[in-house]
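Chemist: predicted model and sequence follow; I will ask about them next.
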Amino acid sequence: MTDPTLAVLEVLGERARASRTELAAATGLSPATVSRTIVRLRREGVIREGRPAPTGIGRPPRVVELEDRMVGVIGIDAGGRTLRAASGDLAGSIRTRAARPVRDPGDREALVDDLVALVRDLTSNSPPGAVRALVAGVSGIVDHSSGRVLLSPDLPGLTGLALAAALEDRLGIPVAIDNDDLLAAIGEASVGAAVGCRDVVFLALGYGLGAGVIVDGRPLRGATNAAGAIGFMAPGRLDRRASGRAIPARYHEALARASAGDDAAATDPPVTDAREVFERAAAGDPVAIRVVADVLTDLGDLIVDVGALLDPEVIVVGGGLTDAGSAVFAPLEARLRSTLPYPPRIVPSALRDAAVLHGAVSMAVALARRRLAGLDPFVRSDPDGPALSLV
């Protein structure tokens, strides 16, 4: 049986306002239960109730709506180059954002200090207790259950850190952490390119490679929390062949082979960005054309393997490599359609660099609702708990 508080908050998250009668009809709860729940949530400062301006004959019914002065939740995207944070309400809408560059990815103290500062920037004008939950997405392998970062090649200073506990101690807010690409998948399924889908794969094709997987509406983390670590896929390691980090090096290796003994080629300014390799290929550079073709073959293998293994409804692709547009998507889609009998749709991310933040806010809202219902917001073993079932 659904908890009354969860039921009421879910309805108010889907619509701007509702009367008590409408809430009872939408939730299946008795009018008395709805009334008791509203009284308690009003006392908590989560909702408000009043009458709208009259528009006709008779007195309009009292309507209930979420208190828009409450921050509600915080979402964090701790990426390799930039730390981002966003405040959201209990309907899951993002209100304000803040960002800071990563000062030193290996400096644990600086990373935690900057994450704390971002949250304090966003909540500086909020009353005590206004933030009900915080979820942080971290680049790397994360143990969601313990709140510990197991491995973060992009932010090595966080490796081994019980980040959830560290942030809770500094901020006094319940905190959960998860893999950033998994949160990106949740974001796309909640408000982005995969709305309405319960089987979703998000592929992050950028400076590094990663994936977030949702199966039957539930995030897939794996036995050791390493599900989605596609950079390690064979043969060899995919991130050493087809990531934004690897593509410029691959181009220079191919250029050196093609121009051995050519002093003019050797003095060309070095290419440091994968985007430039794609641009050179589009301009007719034969070496860049071959490198891009090889990279797309590797990524095509990845897309086919993911589609064949998981049979998702949609594969959402994000990350810097997607800036090449149809030069990336057209061959990948053609590869899927020519290889699989039932190919999934492949679409670009609708949320782009905000996907992780939207996913973090969505998960934080689910956890905050449990907390308001008097339930343990961080139940790990409950298969129906919000940390496991979000879309």
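Modeler: Good, I have the coordinates.
Chemist: now the nearest residue to residue 138 once chain neighbours are set aside: phi and psi?
Modeler: Leaving aside its sequence neighbours, residue 138 sits nearest to residue 78 (CB to CB, 6 or more residues apart in numbering; 4.8 Å). The C-beta positions use only the backbone N, C-alpha and C, and glycine is treated the same way. With angles defined as degrees, to the nearest 10, residue 78 sits at phi -100, psi 90.
Chemist: show me the contacts for residue 78.
Modeler: Going by CB atoms under 8 Å, 6 or more residues apart in numbering, residue 78 touches 111, 115, 136-139, 155, 158, 180.
Chemist: go on, residue 317?
Modeler: Contact analysis of residue 317 by CB under 8 Å, 6+ apart lists 202-203, 205, 328-329, 332, 346-349.
Chemist: buried ones in stretch 94-113?
Modeler: Within stretch 94-113, the residues scored as buried using 16 or more other CB atoms under 10 Å are 94, 97, 102, 105, 108, 111-112.
Chemist: next one: the residue nearest to residue 138 from residue 161, what distance?
Modeler: Residue 78 sits 11 Å away from residue 161, going by CB to CB, to the nearest Å.
Chemist: what's the burial count for residue 34?
Modeler: Per other CB atoms under 10 Å, the neighbour tally for residue 34 reads 25.
Chemist: quick one, helices of the stretch 251-391 of the chain?
Modeler: For the stretch 251-391 of the chain, helices defined by DSSP state H, counting those that start in this stretch occupy the ranges 263-266, 274-282, 286-310, 326-339, 355-372.
Chemist: correction: the previous question concerned the stretch 1-150 of the chain.
Modeler: Under DSSP H, counting those that start in this stretch, the stretch 1-150 of the chain gives helices at 4-14, 20-27, 31-43, 108-122.
Chemist: who does the last one touch, helix- and strand-wise?
Modeler: Identification of packing neighbours for helix 108-122 by 3 or more CB pairs under 8 Å, 6 or more residues apart in numbering; DSSP states H and E yields strand 72-78, strand 82-88, strand 94-101, strand 131-138, helix 163-171.
Chemist: switch these over to a markdown table; also include mean pLDDT.
Modeler: Listed next are the helices and strands packed on helix 108-122 as a markdown table, based on pLDDT from 0 to 100:
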| stretch | mean pLDDT |
| --- | --- |
| strand 72-78 | 95 |
| strand 82-88 | 96 |
| strand 94-101 | 94 |
| strand 131-138 | 95 |
| helix 163-171 | 96 |
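Chemist: want to throw those into TSV with distance to residue 38?
Modeler: As requested, the helices and strands packed on helix 108-122 are exported to TSV (distance: least, CB to CB, whole Å):
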stretch	distance to residue 38
strand 72-78	18
strand 82-88	22
strand 94-101	24
strand 131-138	18
helix 163-171	29
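Chemist: can you say which of the ones you listed is nearest to residue 217?
Modeler: Proximity to residue 217 (CB to CB) singles out strand 131-138 among those, at 17.7 Å.
Chemist: what separation do you get for the nearest residue to residue 154 once chain neighbours are set aside and residue 320?
Modeler: Residue nearest to residue 154 in three dimensions, not counting chain neighbours: residue 80, with 3.0 Å by CB to CB, 6+ apart. Taking CB to CB as the criterion, residue 80 is separated from residue 320 by 12 Å.
Chemist: between those two, point out the one with more neighbours.
Modeler: Neighbour count, other CB under 10 Å: between residue 80 and residue 320, residue 80 has more, with 19 against 16.
Chemist: surely the more buried one and residue 204 touch.
Modeler: No - look at residue 80 against residue 204 with CB atoms under 8 Å: they stay out of range, at 11.2 Å.
Chemist: quick check: the farthest pair among the buried residues of stretch 94-113?
Modeler: Pairwise distances across the buried residues of stretch 94-113 (CB to CB) peak at 27.9 Å, for the pair 94 and 108.
Chemist: tell me where the stretch 201-350 of the chain is predicted with low confidence.
Modeler: Across the stretch 201-350 of the chain, residues meeting the criterion (pLDDT under 70) sit at 261-268.
Chemist: if we use 90, what do you get?
Modeler: 207-208, 234-236, 257-270, 272, 324 (pLDDT under 90).
Chemist: one step back: for the helices of the stretch 1-150 of the chain, which one sits closest to residue 308?
Modeler: Among those, the nearest to residue 308 by CB to CB is helix 4-14 (35.5 Å).
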